[in-house]
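only geometry, no sequence info:
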C-alpha cells in the first residue's frame, strides 16, 4: 500500500485552514498570504499559521514556494479531500 492509498487525517482546524485557502484561491484567482490566514483565523502569531501550513504540506494538501509572495495553494489532493472526504 502506498501513502496515496492511505486515508489522509487532518484536524478540524487544519480542514478549516485548507478550506479557507481553497475558497480564497477559487474566489479571487490568486493565492492567499500567511498574513491573510492569520487575520481570518485570529491567530496571535504568524507561527500558528505556519504550523498549520506545514502540517498540510506534509500531507501534500497545500503547496507554496518559500520566499515568494502569494504562492500558498491547495494541491489536487487538498481539493479532492474537501470535495469528497468529509471524514478526515
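Thanks, I have the structure now. A quick note: this is a predicted structure, and the numbers were derived from the prediction, not measured.

Make sure residue 82 is actually in contact with residue 20.
No - when contacts are counted by C-beta atoms under 8 Å, residue 82 is not listed as touching residue 20 (10.5 Å). In short, each C-beta sits where N, CA and C put it, glycine included.

And for residue 34, nearest residue in space, chain neighbours not counted?
Using C-beta to C-beta, 6 or more residues apart in numbering and skipping the chain neighbours, the partner closest in space to residue 34 is residue 49 (5.2 Å).

can you count the residues close to the one you found?
Around residue 49 sit 22 other residues, with neighbours defined as other C-beta atoms under 10 Å.

do residue 25 as well
If you count neighbours by other C-beta under 10 Å, residue 25 ends up with 17.

Could you pull out the helices in this protein for me?
12-28, 34-41, 46-58, 76-84 (DSSP state H).

closest one to residue 6 among these?
Closest of the helices of the chain to residue 6 is helix 76-84, at 11.9 Å (criterion: C-beta to C-beta).

Tell me which residues are up against that closest one.
Residues outside helix 76-84 that contact it (C-beta atoms under 8 Å, 6 or more residues apart in numbering) are 4, 8, 10, 15, 18-19, 21-22, 56, 59-62, 74, 88.
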